[in-house]
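Chemist: predicted model follows, preceded by the sequence.
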2 protein chains.
Amino acid sequence: MPASTSKYLTGDNAAINEFIDRFDVFLFDCDGVLWSGDHLFEGVVETLDFLRSKGKKVVFVTNNSTKSRQDYQKKLASLGIPSEVEEIFASAYSSAIYISRILKLPPGKDKVFVLGESGIESELATERVPFLGGTDPALRRDMTQADFDGLADGSALDPEVGCVLAGLDFHVNYLKLSTAYQYLARGATFLATNTDSTFPTNHSFFPGAGSISIPLVNMTGQQPIALGKGKFQLDRARTCMVGDRLNTDIQFGIQGGLGGTLAVLTGVCKKEEWEAEDAQFVPAYYADKLSDLRAAKP
Amino acid sequence: MPASTSKYLTGDNAAINEFIDRFDVFLFDCDGVLWSGDHLFEGVVETLDFLRSKGKKVVFVTNNSTKSRQDYQKKLASLGIPSEVEEIFASAYSSAIYISRILKLPPGKDKVFVLGESGIESELATERVPFLGGTDPALRRDMTQADFDGLADGSALDPEVGCVLAGLDFHVNYLKLSTAYQYLARGATFLATNTDSTFPTNHSFFPGAGSISIPLVNMTGQQPIALGKGKFQLDRARTCMVGDRLNTDIQFGIQGGLGGTLAVLTGVCKKEEWEAEDAQFVPAYYADKLSDLRAAKP
């Protein structure tokens, strides 16, 4: 027997109403909950509207740091889901907020060297954080002897860099890793949008943001401060995480001290996983699909 | 007080003769022992000849997997050190030997996907091991949606790959890491030329072979079999490691169970390091410079 059991909501209107009443905020992992690949699940838009109409805050959560909130809003729209930018929580955004409002780098040491894509850049620009690296085409090339020389003696480095931010970078290369390492070796603060080792897509796995930063962890012996999902300012007790993966979404909800977790069976996890004797993360609630919540519409 | 003390050889002819008589094989770390950067230390060639004339085997050891033994022989020659290919032990070579003579991949599953440079490729070719990846220009490009599709469904993979070999790759990119991951996820054997996190050059540090493989370690939860220095077939008791770094060369000699270790003070380590109370690796012998061994010439 697992440590706790999960309440099944599908078809149980009283349980659904009680569930909805317990929370003010619903955080949604998107792929596997709202859609799969390019296929929007039936009734999702109506269910989100139903929650909004009951005064609930819906938040779309993504650890994909290659996208800004605006990018993600476009993606939601392309799948047929209307949203506000304020409803989107992306790790690129939370990283930019952390740097501008919490880290507060001192003047003269306030530039950020970015390992990542344009999503991070636009969020940093919005927060008026100066940055370099990122999608700069000057870094998308082979390492030369001049690079070895200039990085080793520091002449190729910007003395105003005080922070390295590593996210998912589809254009990672030896020059960028070498440059990031030299900034860290000279004392730059080490941040990561998130440290997911894999980036799940196409029903398979590809290197995630954590696989971009880990060579630097290995070289410096230093762990980055991982931003992303973990830094919400909200009433945790009245917040529910909705997801399809036990070892990311549901784990996040439980370890993050949220008031509740809801697993839906439209994605990767199966009921048998948390009913197993050695199940580590058991969702407080589960349903066959997200739109089952609408059945309780009064 | 450290656990043991180190015998000082410089100027002590009796001690030098006793030292030389104790060993048949001398393994040399090169940079910091024989030369620094492009500067050959005085008396090195004569000292090597002196050892050879006494019937000793000298072995030049390098973990730099970007070079084949032939490449390394050229490098030694360019610095003025004559050598035989058989005197060179490079991690690219030891990896090829391991694959062809020990791993023995089954027919139909005997191709190696390489993360690395031409040094690995030429050593694999010499051992008639079929390989792909490596310096193939077709992989030196951005990841496309077709790559995500073809890697996820396997159509872009060669079904005959049975092994991934990761070494230092100055052209590492997202496509190569994604491809290597997919082979490992499908059961390929995971090998590394070595797992040094850094590649010391220009008196600084750059990403080493271990920083190329570690994203794959992180993604798969699997450690590679690390080849390189560790796989000599020799009489360990009669072998001495000569190096300038406590935490690589001397550590290797001690943990590898070699008969002796000699530290020279022409590189990075200082006597104070192993005389410290918490010194972990204490060389059995030390000398100011390698050519001090010649003083004992009878």
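Modeler: That came in fine, so what should we check first?
Chemist: from here on, contacts and neighbour counts on C-alpha atoms
Modeler: OK.
Chemist: so which bits of chain A are right by chain B?
Modeler: Within chain A, the positions near chain B by Cα under 8 Å from any Cα of the partner chain are A:142-143, A:148-149, A:152, A:169-174, A:177-178, A:181, A:197-198, A:201-207, A:210-212, A:214-216, A:218-219.
Chemist: helices along the stretch 101-250 of chain A, start to end?
Modeler: In the stretch 101-250 of chain A, helices defined by DSSP state H, counting those that start in this stretch lie at A:118-126, A:145-153, A:174-185, A:209-220, listed in chain order.
Chemist: got a PyMOL select line for the buried ones in the residues of chain A next to chain B?
Modeler: Command for PyMOL that selects the buried part of these, burial taken from 16 or more other Cα atoms under 10 Å in any protein chain shown:
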select buried, chain A and resi 143+148+149+152+169+170+171+172+173+174+177+178+181+197+198+202+205+206+207+210+211+212+214+215+216+218+219
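Chemist: follow-up on the earlier one: for the helices of the stretch 101-250 of chain A, which one sits closest to B:Thr10?
Modeler: Closest to B:Thr10 of the helices of the stretch 101-250 of chain A is helix A:145-153 (Cα to Cα; 33.0 Å).
Chemist: where do the strands sit along the stretch 51-200 of chain A?
Modeler: Per DSSP state E, counting those that start in this stretch, the stretch 51-200 of chain A carries strands over the ranges A:57-62, A:88-90, A:111-115, A:131-133, A:161-166, A:189-192, A:198-201.
Chemist: each with direction, which strands does the fourth one pair with?
Modeler: The strands that strand A:131-133 pairs with in its sheet are strand A:111-115 (parallel) (by DSSP bridges).
Chemist: contacts for the partner strand?
Modeler: Applying Cα atoms under 8 Å, 6 or more residues apart in numbering or on different chains, the contact partners of strand A:111-115 are A:105, A:120-121, A:129-134, A:160-169, A:172, A:176, A:180, A:212.
Chemist: could you measure from the residue nearest in space to the middle of chain A over to A:Ile88?
Modeler: Chain A has A:Asn63 as the residue nearest its centroid, 1.7 Å off, counting by Cα atoms, centre = their mean. Distance check for A:Asn63 against A:Ile88: by Cα to Cα, to the nearest Å, it reads 11 Å.
Chemist: and for A:Phe28?
Modeler: A:Phe28 sits 10 Å away from A:Ile88 when distances are taken as Cα to Cα.
Chemist: now do the shared contacts for these two.
Modeler: Common neighbours of A:Phe28 and A:Ile88 (criterion: Cα under 8 Å, 6+ apart): A:59-61.
Chemist: could you save those residues as TSV and add columns showing neighbour count and pLDDT?
Modeler: TSV is the format used below for the shared contacts of A:Phe28 and A:Ile88 (neighbours: other Cα atoms under 10 Å in any protein chain shown; pLDDT from 0 to 100):
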residue	neighbour count	pLDDT
A:Val59	22	93
A:Phe60	23	94
A:Val61	23	89
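Chemist: and A:Ala146, how many residues sit next to it?
Modeler: Neighbours of A:Ala146 under the rule other Cα atoms under 10 Å in any protein chain shown: 10.
Chemist: from chain B, how far out is it?
Modeler: Separation of A:Ala146 from chain B (Cα to the nearest Cα, to the nearest Å): 11 Å.
Chemist: contacts only, for the closest residue to A:Gly187 other than its chain neighbours.
Modeler: Here the nearest residue to A:Gly187 in space, its sequence neighbours aside, is A:Gly162; by Cα to Cα, 6 or more residues apart in numbering or on different chains that works out to 7.4 Å. Listed by Cα under 8 Å, 6+ apart, the contact set of A:Gly162 reads A:105, A:109-112, A:183, A:187-189.
Chemist: so A:Gly162 versus A:Asp169, what's the distance?
Modeler: Distance of A:Gly162 to A:Asp169, computed by Cα to Cα: 20 Å.
Chemist: quick check: phi and psi at the closest residue to A:Leu265 other than its chain neighbours.
Modeler: In this structure, A:Leu265 finds its nearest non-sequential neighbour in A:Asp288, 5.0 Å apart by Cα to Cα, 6+ apart. Phi and psi for A:Asp288, reported as degrees, to the nearest 10, are phi -60, psi -40.
Chemist: need the contact list for A:Asp288.
Modeler: Shown in contact with A:Asp288 (Cα under 8 Å, 6+ apart): A:10, A:264-266.
Chemist: what about 10 Å?
Modeler: A:Asp288 is in contact with A:8-11, A:263-267, A:270-271, counting by Cα atoms under 10 Å, 6 or more residues apart in numbering or on different chains.
Chemist: by neighbours, which of those residues wins?
Modeler: For those, the largest number of neighbours (other Cα under 10 Å) sits with A:Ala263, at 29 neighbours.
Chemist: what's the pLDDT at that residue?
Modeler: What the model reports as pLDDT for A:Ala263 is 96.
Chemist: so it, which state does it fall into?
Modeler: Secondary structure for A:Ala263, judged by DSSP: H, G, I helix; E, B strand; the rest coil, is strand.
Chemist: so what's it bridging to?
Modeler: A:Gly243, A:Tyr286.
Chemist: which residues does it contact?
Modeler: A:6, A:8, A:33, A:241-246, A:249-250, A:269-271, A:282-290.
Chemist: rerun at 7 Å
Modeler: A:Ala263 is in contact with A:242-244, A:283, A:285-287, counting by Cα atoms under 7 Å, 6 or more residues apart in numbering or on different chains.
Chemist: need phi/psi at A:Asp31.
Modeler: Phi and psi for A:Asp31, reported as degrees, to the nearest 10, are phi -70, psi 120.
Chemist: number of residues surrounding it?
Modeler: 20.
Chemist: A:Asp292 - nearest residue in space that isn't next to it in sequence?
Modeler: Of all residues not flanking A:Asp292 in the chain, A:Thr10 sits nearest, at 5.6 Å (Cα to Cα, 6+ apart).
Chemist: let me fix that: A:Phe23
Modeler: Among residues not flanking A:Phe23 along the chain, A:Arg238 sits closest, at 4.4 Å (Cα to Cα, 6+ apart).
Chemist: repeat that for A:Lys109.
Modeler: Spatially, and ignoring its direct neighbours in sequence, A:Lys109 is nearest to A:Glu160 (4.2 Å; Cα to Cα, 6+ apart).
Chemist: domains in chain A, as residue ranges please.
Modeler: Here the domain parsing of chain A from automatic domain parsing is A:7-62+A:235-296, A:93-229.
Chemist: can I get the ones you listed in JSON lines with distance to A:Leu76?
Modeler: JSON lines is the format used below for the domains of chain A (distance: least, Cα to Cα, whole Å):
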{"stretch": "domain A:7-62+A:235-296", "distance to A:Leu76": "9"}
{"stretch": "domain A:93-229", "distance to A:Leu76": "15"}
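Chemist: select from those the stretch with the lowest mean pLDDT.
Modeler: Least confidently modelled of these is domain A:7-62+A:235-296, at a mean of 91 by mean pLDDT.
Chemist: is it possible to get TSV of the helices of the stretch 101-250 of chain A that adds distance to A:Tyr98?
Modeler: Conversion of the helices of the stretch 101-250 of chain A to TSV gives the following (distance: least, Cα to Cα, whole Å):
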stretch	distance to A:Tyr98
helix A:118-126	10
helix A:145-153	28
helix A:174-185	18
helix A:209-220	17
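Chemist: before we move on, back to that, so how far is A:Val33 from the residue nearest to A:Lys109?
Modeler: Where A:Val33 is concerned, A:Glu160 sits at a distance of 43 Å (Cα to Cα).
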